[in-house]
Each structure stands twice: as structure tokens, then as C-alpha cells.
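**Q** Sequence and predicted model, in that order:
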Amino acid sequence: MIQLGTRWSVGDDAPDRLPQAVVDAIFEVEGELAEANVDTKSWNWTLTWLEGKPVCELDDGTIIEYDPETDEASITPYDD
């Protein structure tokens, strides 16, 4: 089955089809950005599906990947 990706703005609700672990990771990243007073009002998340697993990428290059075997999400901050 093909799953289509999507985009949504930082601060908006994540797509309902994401596992809770991924949603929690998105909240964590957005919370850290808010605490650091980063202006994210024009930033978006991009959801793509790789081998049936969700991958979320923030406009700054931060990536959240999901492991269905452990039901855990990993956050990889952008490293310039």
C-alpha cells in the first residue's frame, strides 16, 4: 500500500496516522525550539514514508524516524 506524505506547520497538529512515539518526539523538538526562542513561524514538518515507516523532517534538517519493532522514535538534529 502506498502512503502519501504531507506537510504541516510547526505548532499545528501532526497527522493522526503517526504513531504516538513520533508525535511525542515532534512535541519534544518543538518544545526545545520554543525554549530556545527560535522563530519557527514559517517552518514546516514534512512527512514521508520509507519502507512503510514514517520519517518526519523539519525545515532546519532535524529528522525523526520510527522503529516499529521497539515502538520508539529517534531524533537526529541537523548538524551543520
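**A** Yep, that arrived. Everything numeric in this text was worked out from a predicted model, so none of it was measured.

**Q** can you give me the strands in this structure?
**A** Secondary structure of the chain, counting by DSSP state E: strands at 6-9, 44-50, 53-58, 63-67, 72-76.

**Q** pLDDT on the shortest one, on average?
**A** Mean pLDDT, computed over strand 6-9, is 96.

**Q** which stretch among the strands of the chain comes nearest residue 24?
**A** Evaluated with C-beta to C-beta, the strands of the chain place strand 72-76 nearest to residue 24, the distance being 7.0 Å. Heads up, the C-betas are built off the backbone N, CA and C, glycines and all.

**Q** Would you point out which residue is most central in the chain?
**A** Centroid-nearest residue in the chain, with C-alpha atoms, centre = their mean: residue 56, separated by 3.7 Å.

**Q** Tell me the spacing between the closest residue to that one other than its chain neighbours and residue 19.
**A** Leaving aside its sequence neighbours, residue 56 sits nearest to residue 64 (C-beta to C-beta, 6 or more residues apart in numbering; 4.3 Å). In this view, residue 64 and residue 19 are 11 Å apart by C-beta to C-beta, to the nearest Å.
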